[in-house]
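Trainee: Structure here, sequence nowhere to be found:
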């Protein structure tokens, strides 16, 4: 069994797409933020409020280390998981990483009414999304084995794109491993 890790910005659809992919492939699905909330007994914004982003990121890194040791798992990560070099190393070494790349206009549409996004509780959240995207996009690309451009299609369509891309990735990976030297 394999570990499939979804990375991308908040609102990219990691949870929705990941849940659907896991269901179709009889794999376990975990959303990192939801798992952290279940383990701590509080919502992510509360963790941010009490421990700050540094405390949240420390917890996120510990959880990522634990969860990426599993196989047969589809993991939806938090949008900022790629900020820490150690996390990027875990992602690239332990699973197939799929970057859901969604335009900032779509991310804004999906997140603008969501009060559970601590990083968007600023005077200009749309500008914040664009800034975060500029900062994080190169890091998502650095860890990604597969990049899926999306945003307008439904979850099922994105899952089919991921299935095809993973199949192609495995074939390429198998051919690479068979070559000498």
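Mentor: Alright, I've got the coordinates. Since we're looking at a predicted model, the values are computed, not measured.
Trainee: For the rest of this, base every contact and every neighbour count on C-alpha atoms.
Mentor: Noted.
Trainee: Below-threshold pLDDT in this protein: ranges please.
Mentor: For the chain, the stretches with pLDDT under 70 are 1, 113-123, 176-181.
Trainee: any chance you could map the strands in it?
Mentor: 3-7, 28-31, 73-76, 96-101, 146-149 (DSSP state E).
Trainee: elements contacting the fourth one?
Mentor: Contacting strand 96-101 under the criterion 3 or more Cα pairs under 8 Å, 6 or more residues apart in numbering; DSSP states H and E are the following elements: strand 3-7, helix 125-143, strand 146-149.
Trainee: Please identify the most buried of the ones you listed.
Mentor: When the helices and strands packed on strand 96-101 are scored by mean count of other Cα atoms under 10 Å, the highest mean neighbour count falls to strand 3-7 (a mean of 26).
Trainee: tell me the angle of that strand relative to strand 96-101?
Mentor: Strand 3-7 runs at 20 degrees relative to strand 96-101, counting by axes from the mean of the first three to the mean of the last three Cα atoms, to 10 degrees.
Trainee: of the helices and strands packed on strand 96-101, which approaches residue 13 most closely?
Mentor: Closest approach to residue 13 among the helices and strands packed on strand 96-101 (Cα to Cα): strand 3-7, 9.2 Å.
Trainee: same for the closest one, what does it pack against?
Mentor: helix 14-24, strand 73-76, strand 96-101.
Trainee: Who are the packing partners of the first one?
Mentor: Spelled out, it's helix 14-24. strand 3-7, strand 28-31, strand 73-76, helix 155-178.
Trainee: hmm, back to that, adding distance to residue 124, write the strands of the chain out as CSV.
Mentor: Listed next are these as CSV, based on distance: least, Cα to Cα, whole Å:
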stretch, distance to residue 124
strand 3-7, 24
strand 28-31, 27
strand 73-76, 26
strand 96-101, 22
strand 146-149, 26
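Trainee: quick one: which of those strands is nearest residue 127?
Mentor: strand 96-101 (17.7 Å).
Trainee: For the closest one, buried residues please.
Mentor: Residues 96-101 are the ones in strand 96-101 that count as buried (16 or more other Cα atoms under 10 Å).
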